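> Kindly return the folded structure for what I paste below:
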Amino acid sequence: MSDYDRIASAMAYLVERAIDQPSLEEIAAHVHLSPYHFQRLFCRWAGTTPKRFLQVLTLERGKGLLNNSRSLLDVSHELGLSGSSRLHDHFVQLEAVTPGEYKNRGKDVQIEYGVHPTPLGPMFVAVTLRGVCRAAFMDFNSMEELLDDLHNDWPLSSISENLASTRHAIDAFFSSDTASGQGPLSLHVTGTNFQIAVWRALLKIPPGAVASYAEVARALGAPKSARAVGNAIGANPVALLIPCHRVIQQSGALGGYRWGPTKKLMVQTWEKMRDEPVAL
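Below you'll find the predicted structure:
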């Protein structure tokens, strides 16, 4: 088992056993390490201690997290939902496939893909010359299924493996120094006008915060479309970078996630922790 696999397994264990408040010794035993070595490994890869991760996981679940987050409506002007198209922190810029490109079905488009280890588990990433077109956890899908799905969306494209071309997308999300001069990360996605609008709205939710499906619908000026918002979120082709994990139910329940509620809570907690100083 690699270090990445151990940390992903430990995070999943913490999410599933949070109510039991497992000790450092119990968590370390789960991944077959001594408490000392597990603590140092977890800090190195996750950017925080197991104890702090568990604290945030316990305190920030459900409605408390929602209530502590700023309403999308309250910040709609700042975020560009009713004004400019500025994206949160200029970190990710989303570029939709044009109608002409959609009609050409990926003709003359070169797509490169790779699978990379992350603290949250292995991820499949695919890019075109214009940006990231696919990102997915590999929890429930084989490489063949992911490539078939990519080919179905871009049937006339040329698809090949290139880890060097896709590494930057992983670094942009997981590196602690993403603001060090790479510039905005571009996404190149295909979707309906409503789906694109929903995905742009998700980019406005600050890291570590959440919004409800109903809040997203209201921010789009379509307050009765919460169900349609949920469907658009479910069709999100770029995990993490289009942060569908930041949307939960109005009741405080996690809501759906393609890779399951354990992974969703894992991502939310890790993201909440990433800017905190590490205490060894």
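> And the lengthiest helix in the chain, what's buried?
In the chain, taking DSSP state H as the definition, the longest helix is helix 3-17. By neighbour count with 16 or more other CB atoms under 10 Å, helix 3-17 contains the buried residues 4, 6-15. Backbone N, C-alpha and C define where each C-beta goes, glycine included.
> residue boundaries of the strands in the stretch 151-280 of the chain?
158-161, 185-189, 211-212, 247-248 (DSSP state E, counting those that start in this stretch).
> residue contacts, the residue nearest to Leu163 when sequence neighbours are not counted?
Among residues not flanking Leu163 along the chain, Gly114 sits closest, at 4.0 Å (CB to CB, 6 or more residues apart in numbering). By CB atoms under 8 Å, 6 or more residues apart in numbering, the contact set of Gly114 is 124-125, 161-163, 165-167.
> Assumed Gly114 was part of a strand.
Yes: the assignment for Gly114 by DSSP: H, G, I helix; E, B strand; the rest coil puts it in a strand.
> and it, what pLDDT?
As predicted, Gly114 sits at a pLDDT of 96.
> Begin at 557, not 1, for the rest of this chat.
Taking 557 as the first residue, the last one we looked at is Gly670.
> re earlier: inside helices: which ones of the contacts of Gly670?
Those of the contacts of Gly670 lying in helices (DSSP H): 719, 721-723.
> would you list those residues in CSV and tack on neighbour count and distance to Phe693?
Formatted as CSV, those follow (neighbours: other CB atoms under 10 Å; distance: CB to CB, whole Å):
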residue, neighbour count, distance to Phe693
Leu719, 13, 17
Ser721, 19, 20
Thr722, 23, 15
Arg723, 14, 17
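> between the residues you listed, which is nearest Arg690?
Here the nearest of the ones in helices among the contacts of Gly670 to Arg690, counting by CB to CB, is Thr722; it sits at 9.7 Å.
> measure the residue lying closest to His744 once chain neighbours are set aside to Gln611 for me?
Nearest residue to His744 in three dimensions, chain neighbours excluded: Gly687, at 3.8 Å (CB to CB, 6+ apart). According to CB to CB, to the nearest Å, Gly687 stands 36 Å off from Gln611.
> Which one's more surrounded, those two?
In terms of neighbours (other CB atoms under 10 Å), Gly687 is the more surrounded of Gly687 and Gln611; the figures are 19 against 16.
> does the more buried one have beta-bridge partners, and which?
Gly687 has these beta-bridge partners by DSSP bridges: Thr684.
> Same question for the one 4 residues further on.
Per DSSP bridges, residues listed as beta-bridge partners of Ala691: Val681, Val794.
> name the helices or strands packed onto the longest helix of the chain?
helix 580-586, helix 591-602, helix 606-615, helix 817-829 (3 or more CB pairs under 8 Å, 6 or more residues apart in numbering; DSSP states H and E).
> ok and it relative to helix 591-602, angle-wise?
If you take axes from the mean of the first three to the mean of the last three CA atoms, to 10 degrees, helix 559-573 sits at 100 degrees to helix 591-602.
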